[in-house]
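Peer 1: Below: sequence and its predicted model.
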Amino acid sequence: METRGIIEAISEAKQNVGGIKQVVWVAAGGSHGGFYPAHYFLDQEAKTIRSKNITSNEFVKAPPSFVGENTVAVICSMRGTAETIEAAKVAKKLGAATIALYVDESELTELCDYQVKYESVALDESDFSKTNSAYGLKLAMLIMDQVEGYDQTETALAEFSKIDAIYRQAVLDIRPKAIKWSMQNRESTSIHVMGSGPAFGAAYIFSICNIMEMLQIDSPTVNSCDFFHGPFEVIDEDTSVFLLVSEGRSRSNDERAVRFLNQFGGKKVFYLDAKEIGVDKFDPSVSEHFNHLIYSPILNNVFMRELAYQIKKDYMTRTYMWKAPYK
């Protein structure tokens, strides 16, 4: 069943209990960060729908009290992470309608009421309009349109057809800067990643999944606004900073950070402007919600890979993941 049909079916099934009132986005690690644009969209645009983005094991141990028959739980795992499967069991026990986003079938797809297969953000051959983040955002838009109406629905849905081409052009345009950045950072022991608003989820994934998990380099994630409430105290000429300058209403917050870093930072300060990677090519009425869908694969497939090449790191190796017990 396609995404619009799924939301229509859930809405109809929930009519006798008062309809859809809440959405929880449940996943772990990069999949959790991948739901950020969906949650951000509802958090910013919806007037009546409650949205929460929560990690799988937190949901298992402490599910929000509002989760129940009026809830849609969108649950993502590429291959069936154990704690995400447990989260699906909890969501179903609490009465939520469940949608699994997956690459490989697993117990998660068996448990959930509906299934949406996505394509990996880490594979060059993927259609980048069909990643987990893209499907999450599309589901969020369709839920809002179904429940309370969204006057930009058709405009927004049409923009998904642009994603793959914009991403592929961005790869070509930005690679020279990525090579220069990676050469400047091949000896960095810490890389601060900054962003705000619609780009913060991409910053978070770049830190925890790309730089820390895949390259084993320390990487704090800092909100461009909260930068001025503590983190800016560590800035000097040697600090490595990677700042996402987003398209949309939060752009001025990122630009404020740019002005400070231009004055007090050094040669390891790097800005990746959403306009450089084509986010401004989306319709301006909805473009801010597409920041993540271009940023995240560019960071993973261009910047992370170029840095891995410079430091001679096999980014598929791990120290603890898949090796050490952590139950």
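Peer 2: Everything's here; your move.

Peer 1: where does residue 1 land on pLDDT?
Peer 2: According to the prediction, residue 1 has pLDDT 80.

Peer 1: Within its local environment, how many residues does the nearest residue in space to it that is not next to it in sequence see?
Peer 2: The spatial neighbour of residue 1 that comes closest, neighbours along the chain excluded (Cβ to Cβ, 6 or more residues apart in numbering), is residue 114 at 6.5 Å. (Each C-beta comes from the backbone N, C-alpha and C, glycine too.) Residue 114: 20 surrounding residues under other Cβ atoms under 10 Å.

Peer 1: Run through the bridge partners of residue 114.
Peer 2: For residue 114, the beta-bridge partners are residue 99 (DSSP bridges).

Peer 1: what residues are up against it?
Peer 2: When contacts are counted by Cβ atoms under 8 Å, 6 or more residues apart in numbering, residue 114 touches 1, 6, 9-10, 97-100.

Peer 1: do the same with residue 8
Peer 2: Counting by Cβ under 8 Å, 6+ apart, residue 8 makes contact with residue 146.

Peer 1: and it, how far is that from residue 300?
Peer 2: Distance of residue 8 to residue 300, computed by Cβ to Cβ, to the nearest Å: 33 Å.

Peer 1: and what of residue 126?
Peer 2: Between residue 126 and residue 300 the distance is 11 Å, computed by Cβ to Cβ.

Peer 1: still on that earlier bit, so for the residue nearest to residue 1, what's the pLDDT?
Peer 2: Predicted confidence (pLDDT) for residue 114: 98.

Peer 1: again, but for the one 4 residues further on
Peer 2: Reading off the per-residue confidence, residue 118 sits at a pLDDT of 98.

Peer 1: do the same with residue 326
Peer 2: On the pLDDT scale, residue 326 gets 73.

Peer 1: That one: what's it in contact with?
Peer 2: By Cβ under 8 Å, 6+ apart, the contact list for residue 326 reads residue 320.

Peer 1: so which strand or helix has it?
Peer 2: Using DSSP states H and E, residue 326 maps to neither a helix nor a strand.

Peer 1: same question, residue 11
Peer 2: Here residue 11 is covered by helix 3-13, with elements defined by DSSP H and E.

Peer 1: Any idea which residue is closest to the centre of this structure?
Peer 2: residue 34 (2.8 Å; Cα atoms, centre = their mean).

Peer 1: That one reaches residue 136, doesn't it?
Peer 2: Yes - checked against Cβ atoms under 8 Å, the pair residue 34 and residue 136 is within contact range at 6.7 Å.

Peer 1: Check the contact lists of those two and give me the overlap.
Peer 2: residue 76.

Peer 1: Now the helix holding residue 11: buried residues?
Peer 2: Under the neighbour-count criterion of 16 or more other Cβ atoms under 10 Å, helix 3-13 has 3-4, 6-7, 10-11 buried.
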